[in-house]
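[1] Kindly return the folded structure for what I paste below:
(chains A and B)
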Protein chains: 2
Amino acid sequence: MRPLIALDWGTSSLRGARLGIDGEVLEERSFARGILSVNVGGFQAVFTQHFGDWMGAADALCVISGMAGSRQGWVEAPYCACPAGPLEVAARLAWIERDRIAVVPGISFESGGVPDVMRGEETQVFGALQLLSLDSGTFVLPGTHSKWVQVQASRIQSFATLMTGEVYALLRHHSILARTLPEDDAPLHGHAFDLGVAHALRGPGLLQCAFSARTLALFGRLPQEQGTSYLSGLVIGEELRSRSPVGAHTVTVIGEPALTQRYERALSQCGVRTQVVAANPAWRGLFEIAATLQS
Amino acid sequence: MRPLIALDWGTSSLRGARLGIDGEVLEERSFARGILSVNVGGFQAVFTQHFGDWMGAADALCVISGMAGSRQGWVEAPYCACPAGPLEVAARLAWIERDRIAVVPGISFESGGVPDVMRGEETQVFGALQLLSLDSGTFVLPGTHSKWVQVQASRIQSFATLMTGEVYALLRHHSILARTLPEDDAPLHGHAFDLGVAHALRGPGLLQCAFSARTLALFGRLPQEQGTSYLSGLVIGEELRSRSPVGAHTVTVIGEPALTQRYERALSQCGVRTQVVAANPAWRGLFEIAATLQS
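    Residues are numbered from 1 along each chain as shown, chains lettered A, B, ... in the order given. All right, here's what the predicted structure looks like:
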């Protein structure tokens, strides 16, 4: 196996790892050079500046996941339709430099006449499958746009995007609810968070239950410093209510601890067991994709 | 019956009507003097400036509905708990000037440990009941915060607030969806609106279906000028999905035509019959409340 340079080039950050022949991480780098900070035509220069030394080896191979493959990225890598595993994705790599630098395509899934897309999360899921020795399962990647991913036989069969993090931020900062919330985020208040989750799970939907963040405050039943925890619980609870048909008994949560802890807590309130992927699964996922090229 | 000066003093506007002894409107006035434009202690002066001449009659009676009765208004009129009809509300009027000027209290309703409130809409519902010769029914008052109101035996039994209009505005102007929407609102595109309603009605919730406004645009299946109509359909459709347990076969829609027409269209897609209240029901509602004082 050739030495792999694994890159996760997203909207707001650029991270890279130099991997050993068994996929072990030898060295990591991280830069605030997400694709939004790079001008059209400027990707090669940013790449060379930050990773040119690693690419010096004659047989170096670089595989890049994330928004670098979007229309606004380095090169557009058209979506690969579900079902898709490392093999399908590897067959559709967009090569920037033949046999040296490639971008992983995003994944698309269509249901009821409506397409859904992701870029980067597929690679993390492939990595998580390897790290946890799984070939199927339900995965959630919480964030601005949460992804729920169903895997069978090591291939992503379907997925859904929920605008959970973005809707939370809109309600928290720009809606009438902001008037009764503190200016700064307080640490998570577990009980208020749980109340929000429980209220959302009862239904009948976010448009209605969101207003409770205001009325509970008006009636003096929700202290101001607990408001953001309650609202976070409401929005995450609504996400779980939406995904309940999935009916998984174990959900694998992939992400930063501050967020995965909230999902673990909310999922346990639904009676769903969780496991969390501790290491960054993107490096392992890129390693798997690269491995299929050389087998 | 004494001559009634009926006022609807809301957040952003101040409207008044001089009514005849049978509740007929003799004269109307409207000012951009909502409570947000009035300083603390300034309400009496604004009132006298705009309605002092009407109040000149020795036996004049003025009853005011809306946010003028809130903590930020002229005088705080504590909420009246459901069930509440004109009699219950009239018994809890907040008198500014004894037997001359009164503010209608808002209504509160509690369900599952969560309170809900409204101010002003209850008076419109009382008026609509009279104008349509009803004593029961399901009423929707669309807007920034839509109200769904259940009436039996001429009293409001329960209601719910949905942040539909506000969430639409947040998604339309401040979310990632705004990037694929036109800067200016195009006229309603019926087919795109219907598609949005249908997609929301299928579930599984706004957090997920909202993202379709982006993916459909990315895949070239939703022309930019239809985007706002589609998003409007999504959000109103989600409101109807939330309220489906109500199971009403006829819903009375109260509001401005631009909005009631969308709700009529969306409700008909659900197989629900609608009727619209054409005249301003607030005047009639205030007349009913005042009438109970003098019977």
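[2] Hmm, A:Thr260 is touching A:Leu141, no?
    No. At 9.5 Å, A:Thr260 does not count as touching A:Leu141 under the criterion of C-beta atoms under 8 Å. Using the backbone N, CA and C atoms, a C-beta is placed for each residue, glycine as well.
[3] Return every residue with contacts to both of those two.
    A:253-254 (C-beta atoms under 8 Å, 6 or more residues apart in numbering or on different chains).
[4] The two - which one has more neighbours?
    Neighbours around A:Thr260 and A:Leu141, counted as other C-beta atoms under 10 Å in any protein chain shown, are more numerous at A:Leu141. The numbers are 27 against 20.
[5] Mind listing the residues bridging to that one?
    Beta-bridge pairing of A:Leu141, defined through DSSP bridges, involves A:Lys147.
[6] Quick check: the gap between the closest residue to A:Phe31 other than its chain neighbours and chain B.
    The spatially closest residue to A:Phe31, leaving aside those adjacent along the chain, is A:Leu14, at 4.6 Å (C-beta to C-beta, 6 or more residues apart in numbering or on different chains). Computed with C-beta to the nearest C-beta, to the nearest Å, the distance linking A:Leu14 and chain B is 21 Å.
[7] A:Leu14: neighbour count?
    Each residue near A:Leu14 was counted by other C-beta under 10 Å, and the total is 25.
[8] next one: A:Ala57
    The local packing of A:Ala57 (other C-beta under 10 Å) involves 12 other residues.
[9] contacting residues for it?
    Taking C-beta under 8 Å, 6+ apart, one finds A:Pro3 in contact with A:Ala57.
[10] Need the phi and psi values for the residue lying farthest from the centre of chain A.
    Checked against the mean C-alpha position of chain A, the extreme residue using C-alpha atoms, centre = their mean is A:Phe219, at a distance of 37.3 Å. For A:Phe219, the backbone dihedrals (degrees, to the nearest 10) come out as phi -90, psi 10.
[11] And for it, nearest residue in space, chain neighbours not counted?
    If you skip the residues right next to it in sequence, A:Phe219 has B:Pro115 as its closest partner in space, 5.1 Å away by C-beta to C-beta, 6+ apart.
[12] tell me which element the one you found is part of?
    Assigning secondary structure by DSSP states H and E places B:Pro115 in strand B:114-118.
[13] Alpha carbons of that strand, as PDB, please.
    Once non-C-alpha atoms are left out, strand B:114-118 reads as follows in PDB (Å, rounded to 0.1, in the frame of the first residue of the first chain):
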ATOM      1  CA  VAL B 114     -47.000  23.800  29.100                       C
ATOM      2  CA  PRO B 115     -49.000  27.000  29.000                       C
ATOM      3  CA  ASP B 116     -50.100  28.800  25.800                       C
ATOM      4  CA  VAL B 117     -51.400  32.300  25.400                       C
ATOM      5  CA  MET B 118     -53.000  34.700  23.000                       C
END
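[14] Which elements pack onto that strand?
    Helices and strands in packing contact with strand B:114-118 are listed as helix A:212-218, strand B:107-111, strand B:155-162; criterion 3 or more C-beta pairs under 8 Å, 6 or more residues apart in numbering or on different chains; DSSP states H and E.
[15] Just give the strands next to that strand in its sheet, each with its orientation.
    As defined by DSSP bridges, the strand partners of strand B:114-118 come to strand B:107-111 (antiparallel).
[16] What's the first helix or strand after the strand holding B:Pro115?
    Scanning the chain past strand B:114-118 towards its C-terminal end, the next helix or strand to appear is helix B:121-131 (assignment: DSSP H and E).
[17] can you list contacts of that following helix?
    Outside of helix B:121-131, the residues that reach it under the criterion C-beta under 8 Å, 6+ apart are B:8, B:65-66, B:84-86, B:89, B:104, B:106-107, B:134-135, B:137, B:139, B:141, B:147, B:149, B:151, B:154, B:156, B:159, B:252, B:254, B:277, B:279-289.
[18] For A:Val277, which residues are in contact?
    A:124, A:127-128, A:131-132, A:252-254.
[19] Could you do A:Val197 as well?
    The contact partners of A:Val197, by C-beta under 8 Å, 6+ apart, come to A:233-234, A:236-237, A:240, A:265-266, A:269.
[20] Of those residues, which is the most crowded?
    Each of the contacts of A:Val197 was scored for neighbours by other C-beta under 10 Å, and A:Gly233 scores highest at 30 neighbours.
[21] need the strands for chain A, in chain order.
    A:4-9, A:14-19, A:25-31, A:61-65, A:80-81, A:94-97, A:101-103, A:107-111, A:114-118, A:137-141, A:146-152, A:155-162, A:250-253, A:273-276 (DSSP state E).
[22] Tell me which of those strands sits nearest to B:Leu293.
    Ranking the strands of chain A by proximity to B:Leu293 (C-beta to C-beta) places strand A:155-162 first, at 51.7 Å.
[23] Mind exporting the C-alpha coordinates of that closest one to PDB?
    What follows is strand A:155-162 as a C-alpha-only set of coordinates in PDB (Å, rounded to 0.1, in the frame of the first residue of the first chain):
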ATOM      1  CA  ARG A 155     -23.000   0.100   1.800                       C
ATOM      2  CA  ILE A 156     -25.000   3.200   2.500                       C
ATOM      3  CA  GLN A 157     -28.600   2.300   1.500                       C
ATOM      4  CA  SER A 158     -30.300   5.500   2.400                       C
ATOM      5  CA  PHE A 159     -29.900   8.700   4.400                       C
ATOM      6  CA  ALA A 160     -31.700  11.900   5.400                       C
ATOM      7  CA  THR A 161     -30.600  15.500   6.200                       C
ATOM      8  CA  LEU A 162     -32.200  17.400   9.000                       C
END
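[24] Now do stretch A:198-212, average pLDDT.
    Stretch A:198-212 shows a mean pLDDT of 94 in the predicted model.
[25] Same check on stretch A:239-249?
    The predicted model assigns stretch A:239-249 a mean pLDDT of 78.
[26] could you redo the helices and strands packed on strand B:114-118 as TSV and give each row distance to B:Ala77 and mean neighbour count?
    Listed next are those as TSV, based on distance: least, C-beta to C-beta, whole Å; neighbours: other C-beta atoms under 10 Å in any protein chain shown:
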stretch	distance to B:Ala77	mean neighbour count
helix A:212-218	14	22
strand B:107-111	11	19
strand B:155-162	16	22
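[27] Format the ones you listed as a markdown table; extra columns: distance to A:Arg2.
    As requested, those are arranged in a markdown table below (distance: least, C-beta to C-beta, whole Å):
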| stretch | distance to A:Arg2 |
| --- | --- |
| helix A:212-218 | 53 |
| strand B:107-111 | 63 |
| strand B:155-162 | 57 |
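[28] nearest to B:Ile35, of these?
    Proximity of the helices and strands packed on strand B:114-118 to B:Ile35 was assessed by C-beta to C-beta; the nearest stretch is helix A:212-218, lying at 16.0 Å.
[29] Let me know whether that closest one sits next to chain B.
    Yes. Helix A:212-218 comes into contact with chain B (C-beta under 8 Å from any C-beta of the partner chain), by way of A:212, A:215-216, A:218.
[30] Looking at these, which one is closest to A:Thr180?
    Distance ranking of the residues of helix A:212-218 next to chain B against A:Thr180, using C-beta to C-beta, places A:Leu218 first at 7.1 Å.
[31] picking up where we left off before, mean confidence for the strand holding B:Pro115?
    96.
[32] can you give me how far that strand is from the chain middle?
    Relative to the centre of its chain, strand B:114-118 is centred 14 Å away, using C-alpha atoms, centre = their mean, to the nearest Å.
[33] Distance check, A:Cys80 against A:Ile107.
    6 Å (C-beta to C-beta, to the nearest Å).
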